[in-house]
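# Provided below are the primary sequence and the corresponding predicted coordinates.
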Amino acid sequence: MHDRGSPASSSQLSFATIHDQVLGPRCASCHGNSGGFTCGCYADVLKKMPQIQNEVSSDLMPLGAPLSPRQKKMLLDWISEGAPEFGDKPTPPPPMLLPAFASIHDLVLVPYCIACHSPGNPGKRVPLNTLDDLLNSPLGIVLPGNPDESDLVIAVRRTDKKRMPPPNSGVQSLSSDQISVIVNWISNGAKEY
């Protein structure tokens, strides 16, 4: 790791980029202001850098589901560049959410749902890790061709205390654009790609 005070190369990422695309969406629900560590504070992240690098490299964090390959590479590249607070590299545009399971999995289910809805976690009764989990659930999570009767759509459209993600989870509700993509995906048969 090089000295943080050394000149930044044009390939460096900034803390703001890492926070916006990795730490905020994937870590803040647990490490927003708890446990003496705030992932939104550059100084706190630097103090925990060896632990963060080890846990991300080993897929131990975030709990419930590891970072997407893109998020993991971005975070580890930033660390290998010396974890600069400011960088010259422009923020890469976020990937576009498409009406396909792979895209919905990486951009919606992993950051918003998997931490709870996977084995060993509070929502383990309703796993959302695989396409098979969604299509073959006796709970009717995804009914291809029928989004209005699919429990996934019903849960994310709710506005009461039973909406998903839950209001008290620290995870924001899905945007209307995200919900529209999920509805479109289910309407078109809930295909993997």
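Received it, and whenever you're ready, just let me know what you need. Residues are numbered from 1 along each chain as shown.
# helices or strands next to the lowest-mean-pLDDT helix or strand in the chain in the packing?
For the chain, using mean pLDDT, DSSP states H and E, the weakest element among its helices and strands is helix 24-31, scoring a mean of 78. Counting contacts by 3 or more CB pairs under 8 Å, 6 or more residues apart in numbering; DSSP states H and E, helix 24-31 packs against helix 110-112. The way it works is simple: take the backbone N, C-alpha and C, and place the C-beta from them, glycine included.
# who touches the next helix or strand after the helix it packs on?
On the C-terminal side of helix 110-112, the nearest following helix or strand under DSSP states H and E is helix 131-135. Taking contacts as CB atoms under 8 Å, 6 or more residues apart in numbering, the residues outside helix 131-135 that touch it are 101, 105, 127-128, 141-142, 144, 152, 190, 192.
# Spatially nearest residue to the residue most central in space within the chain (excluding sequence neighbours)?
The geometric centre of the chain, computed from its C-alpha atoms, lies nearest to P111 (CA atoms, centre = their mean), at 2.1 Å. Nearest in space to P111, with sequence neighbours left out and distances taken as CB to CB, 6 or more residues apart in numbering, is P25 at 4.5 Å.
# roughly how far apart are the one you found and N121?
Separation of P25 from N121 (CB to CB, to the nearest Å) stands at 18 Å.
# Pick out whichever of the two has more residues nearby.
Neighbours were tallied for P25 and for N121 using other CB atoms under 10 Å; the higher tally belongs to P25 (20 against 14).
# Looks like that one contacts V110 (just checking).
No - no contact is recorded between P25 and V110 when judged using CB atoms under 8 Å, the distance being 9.0 Å.
# sec struct for P62, please.
Applying DSSP: H, G, I helix; E, B strand; the rest coil to P62 yields a three-state assignment of coil.
# Contacts only, for it.
Neighbouring residues of P62 by CB under 8 Å, 6+ apart: 26-27, 30, 115.
# repeat for I186
142-147, 150, 152-153.
# G189 too?
G189 sits next to 144-145 when contact means CB under 8 Å, 6+ apart.
# Can you read off the pLDDT for D20?
D20 is assigned a pLDDT of 84 by the prediction.
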